[in-house]
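**Q** Here is my input, please return the structure:
(2 chains)
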Amino acid sequence: MATYVIRRLLQVIPTLFVISLILYGLLALKPGDPIDELRRGNPGFTQEDYDRLRRLYGLDRPWYVRYWRWLGRAVHGDFGPSRQFGRPAAAYIFKYRLPNTVLLSGLSLLLAFLVSVPAGVISALRQHTVVDYAVTVANFIGVSIPIFWLGIMLIYVFAVHFRGFLPAGGLTTPGVTGTWATFIDRLRHLILPVIALSSLQLAQWTRFMRSSMLDVIKLDYVITARAKGLSEWRVNFHHALHNAILPLITLIGLNVPLLFSGAILTETVFNWPGMGRAIFDAILVNDFNVAMVSLMFIALLVLGFNLMADLTYALVDPRIRYD
Amino acid sequence: MRKVLLLAIGGLLCFSVAALTSPAINNLVIASTQEPSNLNPWEGAADTKENVMGVFNIGLTYFDSEGNLMPGLATEVPTIENGRVVVTYGPGGKVLTQDVLWTLRDDAYWSDGVPITTDDVLFTYEVQKTPELPVTTRAFSSLIKEIRRVSDKSFWISYSSPNLFFANVGGAIGLARFYDIAPKHIWEPIYRQVMEQIQANPDKVTEIIEGQFLGAPPATGTGTVVGSGAFQFEEWQINQFLRFSRRADFFMDPPGPAENYVQEITYRFIVNQATLLSAIIAGEIDASDDIGLAGLDPVVLRGQLGAQATVDITPSGFIEKLNFNLFPQCEAAADLLLGDKRTRQAIIQAIDRADLAQTVYPGATVSNSFLVAGDVGYNENLNEWEYDPDAARALLAELGWSDTDSDGWLERTTADGREIEFALHWVATTASFRIRTGEILQEFMADVGIKLEVENLPGSVVFSSEYLNHGSECTWRGIVEYAEAGGIGQAPADPLSNELWANDLMATAVDPLLENVPLPDNGFGGTNIMGWNNPEFDQMRATALKEFDATRRAEIVKQMQVLYNEELPTVPLYDRVEIVTKAAGLLNYVKGTAAARAQTWNAWEWGWEQNGAVAVR
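**A** Sure, this is the predicted structure:
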């Protein structure tokens, strides 16, 4: 097992190298560079300025030379500065963007889980009743409504119509100080984006949970439990739910990368400075270093989760051996 | 459970209504869709940075809302009349030198209390001309021969060629790009350290300038940030807001007690325009800057805001234009006879530009020049090229175009016998108003038999040199639409501020190498991306540049516009406008003309009527 883990970890290095080469090459293929951005914002900008700055930033060299130089810095943990914000790109992403995304996505997943499980179970247990139909209709609405539209509607209702009830967007209110006030302020800013972001998953997971529960409650062991005289609560929520929820947990596991990659539409509508928007903007305005550090981080996560999944199989399934 | 829920909702309500309005605490919340990249005075582009830097800085001069050039840090604006501008002439009236005497105000201090002196000026210029540093543009500083110290508060700047517009804002003096003078006591230690490191590690120049010059604490707001303006920097919460507080020792005061005016400014960044608008309607934002609401319909906006806020329309100084590919090397463009001015004249007459402007950019006015209306050199007597599709059809027929197969599109046979359909490629960015423009232009062009092939690409692609500067290789093969600065705040005939000249007749006689036209011979450098080469225009430009008398220079520029208006190397669509909202009771938050390049030019005058502020604008 240990040999296998070490071997897999060693495989990560060349994989990351190839990924970084492809990503850098693709970004380099995109027309434009940061100097073009400067030219757009300075009417007096001359060709001489353009050539001078390209030379200073090393942008006049071929992309593979720049890549090699970038790689040399990256292996020492220096991913270069963000052109947009003058700060080191890695610090910018990990200090200012990633925590916001983890907070927003984490709470959304949590809310979706906490609501979808009971909603799905109740819908299944009361199949073909008004409750079931109501949950089903709500699910269809949740799946059908685009998140950006829902976000704008939530802002319209809670920020514009009920003026000031909840903020229209952003992370915090400028000038709010004190631990409790800051906590409440942050909570108020989270409510609408969390609702918007969780809506789709909530609807999908409720449907999934309902279907899974319907399958399980028809199985022999559930019928046996009921025949043994166990209470309906114990039969449904102890025996049936334990098995019915397993596929949902697998599905949630697949959504874990969302915690880190961000949700661009929700972040844009609610002015939430997260990873999705950071990556999108970085590519759009040619902030190569920010784009590279973000995408490499996601690549590392994917590799890491793949490895963890393989190791988990071995742990739970005795038929799988890596030795 | 129900009780807990009710308590939670009640608590939320309590916290919701706790926020105080800005007038109640004499604060102001401004918002924009863009955030500055840094606060470095030498590096960066305009837009929000110009506004943000303007809150806590002021230049040697500034333009007021009427377009008057006013002294800022300087005691007076230098002119020939007051003896502060001295010109020496050589044989034939050629201008040999131009010297400008500046005197700094005695009561000008940095926000940390250090006096602003000639030393700051000399240091700023030293950084500006340091080749290893990425100062954004040396367009104006390269005209400076030397800066001579007279005293702690006075200095001469000598220019090697006439710089008529030396006193304009936006780096035209030749010092720092943003607000002329940088604080030596803050930046000098950083500068010396950067230069030492560059000398010690010449192979790591890029890393050093990126990390230690652009990323220096005063640039990122993580260290001491001082400015010369009415407010002082307090904090920068990246991706959220910047905060400033009023200075008690600023040399310009609003009428009445300063306490009656805004004491603290928060500059918020909301990237999504719809969200910004919601925040304005919700009352979270007191005023938008001149960038955030670009392209919105002011009439609709007034309806949405009602009495809670007013909507101002101000000229932006930018002209939206159709730039033609005139390169004979690009066969696809040449086949369409875009190089023949009659084709361009047909296209301009085929477009109802007034209707287009009101539809896609409400408030904008039709343009017929390469200068915006109101510029010192603007010619008001140009052909207005009214909407006339019949005239357009006649011109196209004259050029040999006809709908031979009755499919609705024009065709012609080339000299080498090829059958060509008039399919015109049009490219612009993905900005919503340009997407709409593409749809409208398609209809106008179809009406005269031209099939417009619309393509909207990201701005980073359209404006990349690999794309825009390679028209001769047909990267774009018909029209590319974008906006260009149209003069105000820049010299109208300045060699650096327009994209129309091909040959620099100031320096050389006509030569085969067209310096300003991107071609393989010059590494695709230059800003004349259309490839327009008109020796008569170039000659007039050279004459204008040698002319120091502002009136005579303006007359030449007016003649250049007549030629431009006849030849139409670009089709000017409209002078763009900026939309600004301000909450009821907010006074003096006025940009006025495009000459005031920053919305924040008079931050010291901003105040709430409710708090006793007096309207002066």
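**Q** starting at the chain centroid, how far to stretch B:118-132?
**A** Remark: stretch B:118-132 is offset 24 Å from the chain centroid, using CA atoms, centre = their mean, to the nearest Å.
**Q** For the closest residue to chain A within chain B, which three-state class applies?
**A** Nearest residue of chain B to chain A: B:A45, at 2.1 Å (CB to the nearest CB). In short, each C-beta sits where N, CA and C put it, glycine included. Here B:A45 is recorded as coil under DSSP: H, G, I helix; E, B strand; the rest coil.
**Q** Which parts of the stretch 501-617 of chain B are helices?
**A** B:535-546, B:550-567 (DSSP state H, counting those that start in this stretch).
**Q** So which of those is nearest B:L382?
**A** helix B:550-567 (4.5 Å; CB to CB).
**Q** Please list the outside residues in contact with that closest one.
**A** B:164, B:341, B:344, B:368-371, B:376-379, B:382-383, B:385, B:492-493, B:500, B:532, B:534, B:536-537, B:540-541, B:543-544, B:547 (CB atoms under 8 Å, 6 or more residues apart in numbering or on different chains).
**Q** relative orientation of it and helix B:535-546 in degrees?
**A** Put simply, helix B:550-567 runs at 160 degrees to helix B:535-546, going by axes from the mean of the first three to the mean of the last three CA atoms, to 10 degrees.
**Q** Just the C-alpha atoms of helix B:550-567, please, in CSV.
**A** Extracted in CSV, the C-alpha atoms of helix B:550-567 (Å, rounded to 0.1, in the frame of the first residue of the first chain):
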residue,chain,number,x,y,z
ALA,B,550,-2.6,77.9,-30.3
THR,B,551,-5.1,79.7,-32.6
ARG,B,552,-3.1,79.1,-35.7
ARG,B,553,-2.5,75.5,-34.7
ALA,B,554,-6.2,75.0,-34.2
GLU,B,555,-6.9,76.4,-37.7
ILE,B,556,-4.6,73.8,-39.3
VAL,B,557,-6.2,71.1,-37.2
LYS,B,558,-9.6,72.3,-38.5
GLN,B,559,-8.3,71.8,-42.1
MET,B,560,-7.1,68.3,-41.1
GLN,B,561,-10.7,67.5,-40.1
VAL,B,562,-12.0,68.7,-43.4
LEU,B,563,-9.7,66.3,-45.2
TYR,B,564,-10.6,63.5,-42.7
ASN,B,565,-14.3,64.2,-43.1
GLU,B,566,-14.0,63.9,-46.9
GLU,B,567,-11.7,60.8,-47.0
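**Q** If we go by neighbour counts, what in that helix is buried?
**A** Of all the residues in helix B:550-567, those buried under the rule 16 or more other CB atoms under 10 Å in any protein chain shown are B:R553, B:A554, B:I556, B:V557, B:K558, B:M560, B:Q561, B:Y564, B:N565, B:E567.
**Q** Please state the offset of that helix from the chain centre?
**A** 22 Å.
**Q** So for it, mean pLDDT?
**A** For helix B:550-567, mean pLDDT rounds to 89.
**Q** Repeat that for stretch A:259-267.
**A** Averaged over stretch A:259-267, pLDDT sits at 81.
**Q** and B:A446, that's in a helix?
**A** Yes. Counting by three-state DSSP, B:A446 is located in a helix.
**Q** burial count for it?
**A** B:A446 has 14 neighbours, counted by other CB atoms under 10 Å in any protein chain shown.
**Q** likewise the one 4 residues further on?
**A** In terms of burial, B:I450 registers 25 neighbours under the definition other CB under 10 Å.
**Q** What pLDDT does the model give the residue nearest to it when sequence neighbours are not counted?
**A** Nearest non-adjacent residue to B:I450, counting by CB to CB, 6 or more residues apart in numbering or on different chains: B:F422, 4.8 Å away. Per-residue pLDDT puts B:F422 at 97.
**Q** Any part of stretch A:273-284 near chain B?
**A** Yes. Stretch A:273-284 is in contact with chain B by CB under 8 Å from any CB of the partner chain, via A:P273, A:R277, A:D281, A:L284.
**Q** And the helices in the stretch 151-300 of chain A, which stretches?
**A** A:179-216, A:220-227, A:232-234, A:241-254, A:258-261, A:264-269, A:275-284, A:288-316.
**Q** For the last one, enumerate the helices and strands it packs against.
**A** In other words, helix A:288-316. Applying 3 or more CB pairs under 8 Å, 6 or more residues apart in numbering or on different chains; DSSP states H and E, one finds that helix A:288-316 makes contact with helix A:2-29, helix A:63-74, helix A:89-91, helix A:258-261, helix A:275-284.
**Q** mean pLDDT lowest for which of those?
**A** Note on those: helix A:258-261 shows the lowest mean pLDDT, a mean of 72.
**Q** So, low pLDDT: which residues of the stretch 201-323 of chain A?
**A** A:258, A:262, A:316-320, A:322-323 (pLDDT under 70).
**Q** What about B:D504, how many residues nearby?
**A** For B:D504, the number of neighbouring residues by other CB under 10 Å comes to 17.
**Q** how much space is there between the nearest residue to B:S464 once chain neighbours are set aside and B:R247?
**A** Closest residue to B:S464 apart from its sequence neighbours, by CB to CB, 6+ apart: A:G32 at 3.1 Å. As judged by CB to CB, to the nearest Å, A:G32 and B:R247 stand 40 Å apart.
**Q** Likewise for A:Y133?
**A** Distance, A:Y133 to B:R247, using CB to CB: 65 Å.
**Q** which one of the two has more residues nearby?
**A** Per other CB under 10 Å, whichever of A:Y133 and B:R247 has more neighbours is B:R247, with 20 against 13.
**Q** Settle this for me: the more buried one is touching B:Q232, isn't it.
**A** Yes. The criterion here is CB atoms under 8 Å, and B:R247 meets it with B:Q232 at 5.2 Å.
**Q** which residues are common contacts for the two?
**A** Joint contacts of B:R247 and B:Q232 (CB under 8 Å, 6+ apart) are B:S111.
**Q** Skipping adjacent residues, who's closest to B:G256 in space?
**A** B:V614 (5.6 Å).
**Q** residue contacts, the residue nearest to B:I450?
**A** Taking CB under 8 Å, 6+ apart, we find B:F422 in contact with B:L336, B:L396, B:W401, B:W409, B:L410, B:E411, B:R412, B:G449, B:I450, B:K451.
**Q** chain center to whichever strand or helix holds B:S316: distance?
**A** Assigned by DSSP states H and E, B:S316 belongs to strand B:309-324. Distance, stretch centre to chain centre, for strand B:309-324: 11 Å (CA atoms, centre = their mean).
**Q** what residues does the helix or strand following that strand touch?
**A** Downstream of strand B:309-324, the next assigned helix or strand under DSSP H and E is helix B:331-334. Outside of helix B:331-334, the residues within contact range by CB under 8 Å, 6+ apart are B:F324, B:N325, B:L326, B:F327, B:P328, B:G339, B:H425, B:G471, B:C474, B:R477, B:G478.
**Q** Surely the last one touches B:T343?
**A** By that I understand B:G478. No. If you go by CB under 8 Å, B:G478 and B:T343 don't touch, sitting 10.8 Å apart.
**Q** list the residues that contact both of these two?
**A** Contacts common to B:G478 and B:T343, judged by CB under 8 Å, 6+ apart, are B:L336.
**Q** Between the two, which has more neighbouring residues?
**A** Legend: neighbour count by other CB under 10 Å for B:G478 and B:T343, higher for B:G478 (24 against 21).
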